[in-house]
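Trainee: Requesting a structural model of the entry that follows:
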Amino acid sequence: MKRLAKILGVAMVLLGSISLAACESYGDAEEAKPNVYQQVKKSRTIIWGVRNDTRLFGLMSIKQNKLVGFDIDLAKAITKQMLGKDGKAVLFQTTSKTKIPVLKNGNVDALMATVTITPEREKQVTFSKPYFNAGQSLLVKSTSKIKSIKDLNKTGITVLAVKGTTAVANIRKFAPKARVLEFDDYGQCFTALKAGQGQAMSTDNGILAGIAAENKGYNVVGGTFTNEPYGIAVDKGQTEFAHAMNRALSELKKNGTYQRLLNKWFAGIPGFDIKEAAR
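Mentor: Here you go, the predicted structure:
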């Protein structure tokens, strides 16, 4: 028994040593992550994760057979600003569910994909400064008497929103007397609004602007009643890369490129406040 106890004791010590060594190796691996900024400068290429299903930001145009939108144009402009006129922006299509994983897996260098800056995401990625001041807003018929979130807090008002989004919780917070009717996607939501199943639809102002842009008779109203800005996301710890993004974005704002792109995609949309988006 004494010999068995001794053998077990030695085994535990060895196991502990192996575990410690593994932890140290993992730590070294974490510290040895490649510097993405140095890599993109060498290759003169940035691989961007972008959306292909969000009108005005990133959408696959059947007519043009390419991705178009504000995020697409801004990603290309930042690439040129950072890497020079020969800099190349490669576009990698992502979805809401895949955008963070493809960044963490190294499939893309950065995300320009309507990524809202949140404390939870900041644990996984490093963000640039906000490039679009998104926030929840309202879409109504142009003849509607609803002008702000305050008008929703009345008995008998029905608001349409997408299941599982922050929009549902925010409506219940800011307009507790309103009834919330939930749908699977924005298409179903807007169809219900047209059919009169609700008096307003609610989600991010930029997404609502995209719907209003292609559907006459509908306006975005009330400004934004939440603050949920979009940022460029890079992998956690790639601070040099994020700082370079910030410098490029700052230069594009100074030379007028940023405002030109904002006007290109959002000017003239009823009820959409370009100044607020740029703030």
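Trainee: Where do the helices of the stretch 151-279 of the chain begin and end?
Mentor: 166-174, 186-194, 205-213, 239-254, 257-266, 274-278 (DSSP state H, counting those that start in this stretch).
Trainee: Then the stretch 1-150 of the chain?
Mentor: In the stretch 1-150 of the chain, the helices defined using DSSP H, counting those that start in this stretch lie at 2-31, 36-43, 70-83, 99-104.
Trainee: residues contacting the nearest residue to Ala192 once chain neighbours are set aside?
Mentor: Spatial nearest neighbour of Ala192, excluding adjacent residues (CB to CB, 6 or more residues apart in numbering): Leu160 at 5.2 Å. The C-beta positions use only the backbone N, C-alpha and C, and glycine is treated the same way. By CB atoms under 8 Å, 6 or more residues apart in numbering, the contact set of Leu160 is 180-183, 189, 192-193, 197-198, 200-202.
Trainee: Please name the bridge partners of the residue lying closest to Leu208 once chain neighbours are set aside.
Mentor: The shortest distance from Leu208 to any non-neighbouring residue, by CB to CB, 6+ apart, is to Leu139 (4.4 Å). Leu139 forms beta bridges with Met201, Val220, as assigned by DSSP bridges.
Trainee: before we move on, the earlier item: measure the residue nearest to Ala192 to Phe225 for me?
Mentor: Per CB to CB, to the nearest Å, Leu160 is found 16 Å from Phe225.
Trainee: same thing with Ala248?
Mentor: Taking CB to CB as the measure, Ala248 falls 31 Å from Phe225.
Trainee: picking up where we left off before, mean neighbour count, the helices of the stretch 151-279 of the chain: which tops it?
Mentor: Counting by mean count of other CB atoms under 10 Å, helix 205-213 has the highest mean neighbour count of these, with a mean of 24.
Trainee: Can you list the neighbours in contact with that helix?
Mentor: 54-57, 114, 132, 134-139, 186, 190, 201-202, 218-220, 223-224, 230, 266, 269-273, 276-277.
Trainee: and the most centrally placed residue in the chain, what is it in contact with?
Mentor: For the chain, Val115 is the residue whose C-alpha lies nearest the centre (CA atoms, centre = their mean; 1.3 Å). Val115 makes contacts with 99, 121, 127, 230-233, as judged by CB under 8 Å, 6+ apart.
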